[in-house]
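Engineer: when you get a sec, could you give me coordinates for this:
(one chain, ligands or ions: 1)
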Amino acid sequence: MVGTDGRTATSTGAGLRLMAVHAHPDDESSKGAASMARYVAEGHEVMVVTCTGGEAGSVLNPAMDRPEVHTNMTEVRREEMARAAKILGVHHRWLGFVDSGLPEGEPMPPLPEGCFAMVPLEESTEALVREIREFRPHVIVTYDENGGYPHPDHIRCHEVSMAAYDAAPDPERFPDAGEPWQPLKLYYSHGFSRAKLTAFHESLVARGLDSPYEEWLGRWDPDKADVMERVTTRVRCEDYFEVRDEALKAHATQIDPNSRWFAVPLDMQREVWPTEEYELVRSLVDSTLPEDDLFAGVREKVGT
Ligand SMILES: [Zn+2]
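Structural biologist: Take a look at the predicted model:
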């Protein structure tokens, strides 16, 4: 069946739609990228929405630290994002807001006027509602209330995603932003768990390899609960770790190929931690926890 918008629905369990909302270009490749690539390979449609242009990002790869890169940062990051989306096989939209930057210093400087974190929530929510009503995702993935990492754009990305999830199906909210659409599930993606870093660290040490995680793990407050305690859903995606790494490297200004992103050999990753982790926070379908599939219960509900 081909809908009026040209999207194809099939009867093979494929043809479902997943939307991942991210703060900056490169976040989609470092959080949940392998599971997105898996869902694309299985015939689903995945849309990445990036809230900001990443204009405030500094160049984190020495090989890219060149004047022409600095003067064209916005354009360079747009090209990087397009390459990453192509590698992952996902659709991509910019929400069009300006990177707030990560304020540093004592006292902390104010956020720049008009940046994503300062734009009224109604305004950014309407922009995301418009994307949701157009793409009509069955499942939305975003960050938890801490942003996964305490950048003002990541926290805002969480707030906007939650507000848009609730507003998208409501005909009284943003009537000019398209036909109401009810997503069925919403997840937080969880990348850096202590359990995962510990597993990688121990495997590296056991193989006699250098571990970049020792110091990181040492700084971890032992009394703080590990995010794994919140995880409801582990998606196997080890066959797509290479694709994930290629997408990461497409963000050449942000990702140093010699960095700790690539410290763990892929065969070890596949053996020690073949999944990506998610936390189910909203659901209108029946599924049994723990899950191994973001579409669990959705296939049954929409009858594909
Ligand atoms: Zn980010």
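Engineer: what about residue 228, how many neighbours?
Structural biologist: Neighbourhood size, residue 228 [other C-beta atoms under 10 Å]: 14. Glycine gets a C-beta too; all of them are placed from N, C-alpha and C.
Engineer: and the one 4 residues further on, by the same measure?
Structural biologist: Residues contacting residue 232 under the criterion other C-beta under 10 Å number 17.
Engineer: can you pull the contacts of it?
Structural biologist: Contact analysis of residue 232 by C-beta atoms under 8 Å, 6 or more residues apart in numbering lists 278-280, 289-291.
Engineer: now residue 170, what are its backbone angles?
Structural biologist: phi -90, psi 110 (degrees, to the nearest 10).
Engineer: so residue 264 makes contact with residue 204?
Structural biologist: Yes - in this structure, residue 264 is within contact of residue 204 by C-beta atoms under 8 Å, at 6.6 Å.
Engineer: more crowded one of these two?
Structural biologist: residue 264 (23 against 20).
Engineer: secondary structure element holding that one?
Structural biologist: In the assignment (DSSP states H and E), residue 264 maps to no helix and no strand.
Engineer: ok, the one 5 residues further on next?
Structural biologist: Mapping residue 269 onto the secondary structure by DSSP H and E places it in helix 266-272.
Engineer: give the buried residues for that helix.
Structural biologist: Buried positions in helix 266-272, judged by neighbour count with 16 or more other C-beta atoms under 10 Å: 268-269.
Engineer: quick check: mean pLDDT across that helix?
Structural biologist: Mean pLDDT, computed over helix 266-272, is 97.
Engineer: that one packs against which elements?
Structural biologist: With contacts taken as 3 or more C-beta pairs under 8 Å, 6 or more residues apart in numbering; DSSP states H and E, helix 266-272 sits against helix 194-206, helix 241-250.
Engineer: what does the next helix or strand after that helix contact?
Structural biologist: The helix or strand immediately downstream of helix 266-272 is strand 275-283, counting by DSSP H and E. With C-beta under 8 Å, 6+ apart as the test, strand 275-283 has contacts from 32, 34-35, 141, 144, 165, 184-191, 193, 196, 227-228, 230-238, 287, 289, 291, 294, 297.
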